[in-house]
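K.L.:
Next one to model:
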Amino acid sequence: MDGARTALMRDLLAGTGWVERTRLFGRALRRAPHDVGGLLVVGTPTEDPWHFAAHLDDEARWSDQPTLAPVLIRWSPPVNAPAHLAIGLQRLENISRNETVFVVAPDAAPAQLLERVADARRAGATVFALDAGDPELESLAHESLWVPSESAKGIVVPEFDVVSHLVSAAAGERGATAGRFGGLRRRLGRMLDVVSDPDGADADAPTTRQP
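P.N.:
Numbers count the residues shown, from 1 in each chain. This is a model prediction of the structure:
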């Protein structure tokens, strides 16, 4: 997604809290402690996150941040798929502590995926989740962003794809600092937010789980 469209989406969502949440989450991803080739993006059996992975790959090039270039994990890669689109779930069986597993789940994560994510976390990998409110998945994640399926009680909820676009854009922004990996800078940033905009101080709350 180009910068103009990203800016337009952020303008449309200004004041809803989603701009801040996606920035916080994307910046946490940018600073996640994995090596180049260690960002593994996986979806659910019904939702292959190839679009999100493609945007992250673009951001990795544009921002000169090679650790953002993802490895797309697919549930059923076609036999004739090119190498970068032919990586199956077995890749998750060999996770190291220098890798990050990013789960994109607009629908419920099945038990098979949850088990593999749990194993990855036990192995020392960092776990991110972009989901529609899956408590089991979120309990396994170090960083998560919950995107409810519909608006409620006056809360504006953008489409899942829009949120994923803004997350990838935020991950590629230069000078970004991160959730749990940039503790001191993040706290200082929140202090400045309080001084400059007391009414919006809660936008960068310590967790990104709630809309």
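K.L.:
how would you label Val104: helix, strand or coil?
P.N.:
Per DSSP: H, G, I helix; E, B strand; the rest coil, the local secondary structure of Val104 is strand.
K.L.:
Quick check: bridge partners of it?
P.N.:
Judged by DSSP bridges, the bridge partners of Val104 are Leu130.
K.L.:
what sits against it?
P.N.:
Shown in contact with Val104 (C-beta atoms under 8 Å, 6 or more residues apart in numbering): Val41, Val42, Gly43, Glu47, Pro49, Phe52, Leu130, Asp131, Ser164. C-beta: built from backbone N, CA, C; applies to glycine.
K.L.:
Give me the most central residue, the chain.
P.N.:
Leu130 (5.3 Å; C-alpha atoms, centre = their mean).
K.L.:
Next up, the contacts around it.
P.N.:
So Leu130 contacts Phe25, Phe52, Phe102, Val103, Val104, Ala105, Ser144, Leu145, Val147, Val163, Ser164, Val167 (C-beta under 8 Å, 6+ apart).
K.L.:
The same query, at a cut-off of 7 Å, please.
P.N.:
For Leu130, the contacting residues are Val104, Leu145, Ser164, Val167, by C-beta atoms under 7 Å, 6 or more residues apart in numbering.
K.L.:
swap in Glu115?
P.N.:
Glu115 neighbours (C-beta under 7 Å, 6+ apart): none.
K.L.:
Repeat that for Gly133.
P.N.:
In this structure, Gly133 makes contact with Trp146, Pro148, judged by C-beta under 7 Å, 6+ apart.
K.L.:
quick one: it is in a strand?
P.N.:
No. Secondary structure of Gly133 (three-state DSSP): coil, not part of a strand.
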